[in-house]
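In: Sequence plus the predicted model coming up.
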Amino acid sequence: MRLAIMGSGGVGGYFGARLAQAGEDVTFIARGEHLNAMRRGGLHVSSPQGDLDLAPVTVTDDPAEVGTVDAVIVAVKAWQVPAAAEAIRPMVGPDTLVLPLENGVEATDHLAEALGEAPVLNGLCGILAWREAPGRIRHAGVDPFVRFGTRLPGQRAAAERLKAAFDRAPGVEAEMPEDIEAAVWSKFLFICAMSGIGSLTRAPLGVTRRLPETRRLTEQILIEIEAVARARGVDLPPDAVERALAFIDALPAESTASMQRDIMAGRPSELEAQNGAVVRLGREAGVATPVNAMIHAALLPQENAARGLEAGTD
């Protein structure tokens, strides 16, 4: 398949590299020093699944140069999705699929608003990875997986071809769940809780899950997210909170969420797409979310500063 990776950091860099390793025609969209390093020396992936030196690679900062592709994998930060939707327009033809792999539960709707319903799938991924230097991706934990599903019957055949491409990629598990909405919210449960507690405490996961006080706070975050999901008609499994906690407990003790790393570095983060979204969607559904509201409020001054927004005044 001819594939484009919109966002070539930890997520896009890893999955794009594995797809290219399997022989797919992959173009990476990158920028800045990452773009320059990939042009000079390709893309290096360090991973428990096996290291990979991918060189040369096809990489550009201009999606208009790429032309129409079979699928665009959108792997930017959640808050960057609206801009990414506009940028990828030149690559989206009548038979193109667009697969979001963001944290959060709203990326698919944002993409469909910009591009129409026809190309957009719903999806998620699981991986603990980041860009450790220009041209270098570090995969440190979680056996990488991609899960996605169709929103329209006409997408099925093309989606199955995309799954077959992922199936050929080493170091990737692909699945098309029957209920992709429940799968997306199940992932949102643990990543939002992990992001919120980690960003608030600045501590790694091994600390926050071990201390009784922060573990209880994590459980309260999960309970609120579950309540919002059920109020919105999402058919989560009965033990969704327990499953999320088990996943958190199984991660490496030194794990941190990407939102946490961004906040600690003073960069714009996914706060509004994660804990902020719980508060906003809960309000729409008539569900109280006081713990998520506290986390959102506590982190908002720093988030606004990272975005260059003025703080409120008396």
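Out: Thanks, I have it.
In: going forward, measure contacts between C-alpha atoms and count neighbours the same way
Out: Noted.
In: Spatially nearest residue to Ala293, not counting backbone neighbours?
Out: Closest residue to Ala293 apart from its sequence neighbours, by CA to CA, 6 or more residues apart in numbering: Val279 at 5.8 Å.
In: Surely that neighbour forms part of a helix?
Out: Yes - with DSSP: H, G, I helix; E, B strand; the rest coil as the criterion, Val279 is part of a helix.
In: who's in contact with Ala87?
Out: By CA atoms under 8 Å, 6 or more residues apart in numbering, Ala87 lies in contact with Pro63.
In: hang on, isn't the residue nearest to Ala293 packed against Ile295?
Out: No - counting by CA atoms under 8 Å, Val279 does not reach Ile295; the two are 9.9 Å apart.
In: Okay, and the beta partners of His44?
Out: Beta bridges link His44 to Asp53, Arg136, judged by DSSP bridges.
In: what's around it, how many residues?
Out: Neighbourhood size, His44 [other CA atoms under 10 Å]: 21.
In: And it, how close does it get to Ala55?
Out: Separation of His44 from Ala55 (CA to CA, to the nearest Å): 8 Å.
In: what's the answer for Leu245, then?
Out: Going from Leu245 to Ala55 by CA to CA gives 39 Å.
In: Neighbour count for these two, which is higher?
Out: Neighbours were counted for Leu245 and for Ala55 using other CA under 10 Å; Leu245 has more, 19 against 13.
In: center of the protein, which residue is that?
Out: With distances taken as CA atoms, centre = their mean, the chain has Glu102 as the residue nearest its mean C-alpha position (2.5 Å).
In: Now do the contacts for that residue.
Out: Taking CA under 8 Å, 6+ apart, we find Glu102 in contact with 74-78, 124-125.
In: Now Pro144, what are its backbone angles?
Out: When read as degrees, to the nearest 10, the backbone of Pro144 gives phi -60, psi 130.
In: right, and it touches Leu124 too?
Out: No - taking CA under 8 Å as the definition, Pro144 is not a contact partner of Leu124, at 11.0 Å.
In: Who has more neighbours out of those two?
Out: Leu124 (25 against 20).
In: Tell me the secondary structure of the more buried one, please.
Out: strand.
In: Can you report how many residues neighbour the residue lying closest to it once chain neighbours are set aside?
Out: Nearest non-adjacent residue to Leu124, counting by CA to CA, 6+ apart: Leu101, 4.6 Å away. Close neighbours of Leu101, defined as other CA under 10 Å, add up to 25.
In: coming back round to it: so what's the residue count around the residue nearest to Ala293?
Out: Neighbourhood size, Val279 [other CA under 10 Å]: 25.
In: Identify the bridge partners of Ala71.
Out: Judged by DSSP bridges, the bridge partners of Ala71 are Leu3, Leu97.
In: Make sure it is actually in contact with Ala4.
Out: Yes - under the criterion of CA under 8 Å, Ala71 makes contact with Ala4 at 6.5 Å.
In: neighbour count winner among these two?
Out: With neighbours defined as other CA under 10 Å, Ala71 and Ala4 compare such that Ala4 has more, 29 against 25.
In: The more buried one against Val72, yeah?
Out: Yes - using CA under 8 Å, Ala4 is in contact with Val72, at 4.8 Å.
In: Look up the pLDDT of Glu270 for me, please.
Out: Here, the pLDDT recorded for Glu270 equals 96.
In: do Pro82 as well
Out: pLDDT, Pro82: 95.
In: again with Gly141
Out: 83.
In: Quick one: neighbours of it, just the number.
Out: A count of nearby residues for Gly141, using other CA under 10 Å, gives 16.
In: With Gly116 instead?
Out: Using other CA under 10 Å, Gly116 has 11 neighbouring residues.
In: Same check on the one 10 residues further on?
Out: By the measure other CA under 10 Å, the count of residues near Gly126 is 20.
In: for Ala250, same thing?
Out: Neighbours of Ala250 under the rule other CA under 10 Å: 11.
In: what's the spacing between it and Phe15?
Out: Applying CA to CA to Ala250 and Phe15 gives a distance of 22 Å.
In: next one: Leu43
Out: Distance from Leu43 to Phe15, by CA to CA: 12 Å.
In: and if you look at Asp62?
Out: Distance from Asp62 to Phe15, by CA to CA: 20 Å.
In: Compare neighbour counts for these two and give me the winner.
Out: Comparing Asp62 with Phe15 by other CA under 10 Å, the one with more neighbours is Phe15, at 26 against 14.
In: Which residue is the nearest non-sequential neighbour of that one?
Out: In this structure, Phe15 finds its nearest non-sequential neighbour in Val172, 7.6 Å apart by CA to CA, 6+ apart.
In: give me the low-pLDDT residue ranges for this protein?
Out: Within the chain, the segments meeting pLDDT under 70 span 310-314.
In: all helices of the stretch 1-150 of the chain, in order?
Out: Assigned by DSSP state H, counting those that start in this stretch, the stretch 1-150 of the chain shows helices spanning 10-21, 32-41, 81-87, 107-115.
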